[in-house]
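[1] Here is my input; please provide its structure:
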Amino acid sequence: MDCPSVLLIYTGGTIGMIENPETGALESFNFDELLKNVPELRRFNCRISSYQFDPPIDSSDMEPALWAKIVKIINYNYDYFDGFVILHGTDTMAYTASALSFMLENLAKPVILTGSQLPIGTLRTDGKENLITAIEIAAAKHPDGTPIVPEVCIFFENELMRGNRTTKINAENFNAFRSFNYPALAKAGIHIRYDAHLIRRPDPSRPLKPHYLFDTNVVVLTLFPGIRESIVNSVLHVSGLKAVVLKTFGSGNAPQKEWLIRQLTEATERGIVIVNITQCQRGIVEMQRYGTGLQLLQAGVISGYDSTPECAVTKLMFLLGHELPPAEVRRLMNSNLAGEITKDE
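    Just a heads-up that it's a prediction; the model follows:
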């Protein structure tokens, strides 16, 4: 009875593929055969069950309806397992991890996403190490029986990162993900060393509250030197648009163009929520720092602080899905809901 239990949820991706010996093509294998491909799992003092998407989903096809399916699987099995490992393609893993961090409100168990750059059936695969360590983390408990990492994370290439802080940075090397603005929660070497003060602590008196609603009327607008008013005007007048992630320069700066500020001001007055995040991989938006940022603040643009693009997009879609008024969406975008932004309270 003391043996921890972990549910593997295979959504798709490179990690769950093997090479067809006749055609050489990569094909998904049945996860009932998981122990044949990863016999090391037999050595775990852990009960491992699996759920497989049928058919498997290429991560490029991941979308909110499938995020909702993952949440339903976790919610249905929440009382039966100590932790969850989601096997997922790398291309949109950071989006899924960010979305789940908001959808699984009051989460008190580990939900660890992982994958690989090479199929698990290949000789040099990174998939086995990622999978084995992710399971160990999902099953890990303190001496009092509480989970060590009760939040949504990505484990990849020896680092455990908060899910809504990650972004994919490499399409070729094994270190595919990075958390630029928040330290790793744990590092795996000979031992897995957890940084306890960085890990979120849930309120044990609050039950898991799953969410399923999303509104995808969101767009990402990246500023660049020479951007034309006609382009910005077209984006800000897309039918049904409710929110914009505005990727600006440096610490949140934009060109000092009268037409740009007018377009942004008119959009915010129409109720469109515009969130400012930096194009830089590391750093935080500080619109009060320079006049080129202050003009955006005066136009009604709000700070995204040090949000990743993946987090800003999914958080907006999550909040808009609950049909909140623009003022409340702006307030919550400036609130730290799941450890996604660095903000002095």
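
[2] So for stretch 314-334, what gets flagged as buried?
    Neighbour-count burial for stretch 314-334 flags 314-321, 326, 329-330, 332-333 (criterion: 16 or more other C-beta atoms under 10 Å). Glycine gets a C-beta too; all of them are placed from N, C-alpha and C.

[3] Outside of that stretch itself, list whatever touches it.
    64, 95, 98-99, 102-103, 164, 211, 213-218, 242-243, 245, 271-273, 275, 302-305, 307, 337, 340, 343 (C-beta atoms under 8 Å, 6 or more residues apart in numbering).

[4] Quick check: ChimeraX command selecting the buried ones in the residues you listed.
    Buried residues among these (16+ other C-beta under 10 Å), as a ChimeraX selection:
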select :64,95,98,99,102,103,164,211,214,215,218,242,243,245,272,273,275,302,303,304,305,307,340
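
[5] so of the contacts of stretch 314-334, which ones are in helices?
    Under the assignment DSSP state H, the contacts of stretch 314-334 contribute 64, 95, 98-99, 102-103 to helices.

[6] Turn those into TSV, columns for distance to P150 and pLDDT.
    Below are these laid out as TSV (distance: C-beta to C-beta, whole Å; pLDDT from 0 to 100):
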residue	distance to P150	pLDDT
P64	24	97
Y95	22	97
S98	17	98
A99	18	98
F102	15	98
M103	15	98
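
[7] Pick out whichever of those residues sits closest to G83.
    M103 (17.1 Å; C-beta to C-beta).

[8] Report the contact partners of the closest one.
    Counting by C-beta under 8 Å, 6+ apart, M103 touches 67-68, 71, 210-212, 318.

[9] Wasn't L113 part of a strand?
    Yes - assessed by DSSP: H, G, I helix; E, B strand; the rest coil, L113 belongs to a strand.

[10] wait, doesn't it sit right on T96?
    Yes - using C-beta atoms under 8 Å, L113 makes contact with T96 at a distance of 6.6 Å.

[11] Residues in contact with both of the two, list them for me.
    Counting by C-beta under 8 Å, 6+ apart, the residues touching both L113 and T96 are 86, 88.

[12] Which ones among the contacts of stretch 314-334 lie within strands?
    218, 243, 245, 273, 275, 302-303 (DSSP state E).

[13] Redo those as a markdown table? Include pLDDT and distance to F81.
    Formatted as a markdown table, the ones in strands among the contacts of stretch 314-334 follow (pLDDT from 0 to 100; distance: C-beta to C-beta, whole Å):
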| residue | pLDDT | distance to F81 |
| --- | --- | --- |
| V218 | 98 | 33 |
| A243 | 98 | 35 |
| V245 | 98 | 34 |
| V273 | 98 | 37 |
| V275 | 98 | 35 |
| I302 | 97 | 38 |
| S303 | 96 | 38 |
